[in-house]
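In: Return a 3D structure for these sequence lines:
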Amino acid sequence: MQIILLHPRFARTVTVTQWHLLFGALLFTSSVILSASLLYYLTFRYAVHLDLPLVREMLASATQDDTSRKDKYVRENLAAMAMRVGEMQAQLMRLDALGERVQGLAGVKPQEFNFRELPGRGGAEASGAPGAQLTMPEFQRLLDAMARDVEHRADYMNVVETTLMSQKIRTKLLPTIQPVNVSYNASGFGWRLDPFSGRSAFHEGIDFAAAAGTPIVAAAGGVVIAAEFHHQFGNMIEIDHGNDMVTRYAHASRLHAKLGDIVRRGQHIADIGSTGRSTGAHLHFEVLVKGVQQDPHKFLSAGADQAKLNALASR
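Out: Residues are numbered from 1 along each chain as shown. Prediction:
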């Protein structure tokens, strides 16, 4: 493009190329941006001194929008944290209940460990500079970590409760209480002279001598698998306690349990008598493991020791 300049003294032609136009447009745009930036800076830099209503309204609007956004952010985070705190409270209540059940199963006294009381804490005041305050994201992360820790501890407590419950059930199924309330036994487990033949014979149980009609109780809980008359044991009851363990109660005068009954530990199942191959009123008591007679004294003494420990712990 050519531009002709006319003057009384001269005439000149100026050729304008595409690059000249582009450079002029760039220079104009830069001037406009620079002027606008300078005006913006001066306006907001000295807005307080100039006291311009339009600028004051713009600042107030911007401040209000920023405050609204912060309030919304805080409200949303508070709502989320309130929900998380509610979940943690429910988990803590569940953990307290689990703790009390485990406490009972383990035999720990409530006054020794109370799940509902806060543990004592303390220590010397830090001598250095005070720690920085938690920010909202840091507090949220701390809350999430605590919630995960509570959940893991609840899972651990469930495992401990299950283990203790299994152990307690197995203990209750062991014949550890004496079936007759007498202070001594008339004949122990092992070799002895047979009262009928006078020869040496192996005695496969323990004989408890007592008056006829004295109650006989189950040494442990289980299922009655035999309640019948035996030509040698007389009126006899056998109880299956699981894990291939059976107890036998012989020479009874009367049976109070029948085949298939589920009996509990310490339940009255028969009365002492002298039926079958017997010289007088007594109870012949046997413990069989996988069909082999064991010394009942081992089980009964273990039960007596545990009873002593429980009595000492309850003081």
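In: Can you name the next helix or strand after the helix or strand where residue 143 lies?
Out: According to DSSP states H and E, residue 143 maps onto helix 136-172. Per DSSP H and E, helix 136-172 leads on to strand 190-193 as the next helix or strand towards the C-terminus.
In: List of residues touching that following strand?
Out: 199, 200, 201, 202, 203, 295 (Cβ atoms under 8 Å, 6 or more residues apart in numbering). Heads up, the C-betas are built off the backbone N, CA and C, glycines and all.
In: Stretch 277-285 too?
Out: So stretch 277-285 is contacted by 179-180, 186, 195-196, 205-212, 214, 216, 219, 231-234, 247-253, 272-274, 296 (Cβ under 8 Å, 6+ apart).
In: Pull out the buried residues from these.
Out: Among the contacts of stretch 277-285, those buried by neighbour count (16 or more other Cβ atoms under 10 Å) are 179-180, 205-210, 214, 216, 219, 233-234, 247-253, 272-273, 296.
In: follow-up on the earlier one: pull out the buried residues from the helix holding residue 143.
Out: Within helix 136-172, the residues that qualify as buried by neighbour count (16+ other Cβ under 10 Å) are 150, 157, 160, 161, 164.
In: quick one: the last one and residue 102 touch, right?
Out: In this case it means residue 164. Yes. If you go by Cβ atoms under 8 Å, residue 164 and residue 102 touch, sitting 6.3 Å apart.
In: related to what we said a few turns ago, take the contacts of strand 190-193 and lay them out in JSON lines including pLDDT.
Out: Listed next are the contacts of strand 190-193 as JSON lines, based on pLDDT from 0 to 100:
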{"residue": "199", "pLDDT": "90"}
{"residue": "200", "pLDDT": "90"}
{"residue": "201", "pLDDT": "91"}
{"residue": "202", "pLDDT": "93"}
{"residue": "203", "pLDDT": "93"}
{"residue": "295", "pLDDT": "92"}
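In: Let's see the PyMOL selection covering just the buried ones among those residues.
Out: Selection of buried members from the contacts of strand 190-193 for PyMOL, criterion 16+ other Cβ under 10 Å:
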select buried, resi 203
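In: so can I have CSV of the contacts of strand 190-193 showing distance to residue 36 and secondary structure?
Out: Below are the contacts of strand 190-193 laid out as CSV (distance: Cβ to Cβ, whole Å; DSSP: H, G, I helix; E, B strand; the rest coil):
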residue, distance to residue 36, secondary structure
199, 125, coil
200, 122, strand
201, 119, strand
202, 114, strand
203, 114, strand
295, 104, coil
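In: Which member of the contacts of strand 190-193 is positioned nearest residue 68?
Out: Using Cβ to Cβ, residue 295 comes nearest to residue 68 of the contacts of strand 190-193, at 83.8 Å.
In: for the closest one, what are its contacts?
Out: Here residue 295 is in contact with 189, 190, 287 (criterion: Cβ under 8 Å, 6+ apart).
In: One more: residue 231?
Out: 276, 277.
In: ok, it to residue 275 distance?
Out: From residue 231 across to residue 275, the span is 10 Å (Cβ to Cβ, to the nearest Å).
In: Kindly report the same for residue 216.
Out: Separation of residue 216 from residue 275 (Cβ to Cβ): 13 Å.
In: Between the two, which contacts overlap?
Out: Counting by Cβ under 8 Å, 6+ apart, the shared contacts of residue 216 and residue 275 are residue 252.
In: circling back: how about the contacts of residue 295 in CSV, adding distance to residue 265, pLDDT and neighbour count?
Out: Shown next, in CSV, are the contacts of residue 295 (distance: Cβ to Cβ, whole Å; pLDDT from 0 to 100; neighbours: other Cβ atoms under 10 Å):
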residue, distance to residue 265, pLDDT, neighbour count
189, 22, 92, 21
190, 27, 90, 11
287, 14, 95, 26
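In: Need those residues in a markdown table (columns: distance to residue 238).
Out: As requested, the contacts of residue 295 are exported to a markdown table (distance: Cβ to Cβ, whole Å):
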| residue | distance to residue 238 |
| --- | --- |
| 189 | 18 |
| 190 | 22 |
| 287 | 11 |
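In: ok now do the closest residue to residue 81 other than its chain neighbours, which residues does it touch?
Out: Once flanking residues are discounted, residue 81 sits nearest to residue 143: 6.2 Å by Cβ to Cβ, 6 or more residues apart in numbering. Contacts were defined as Cβ under 8 Å, 6+ apart; by that measure residue 143 touches 81, 84, 85, 88.
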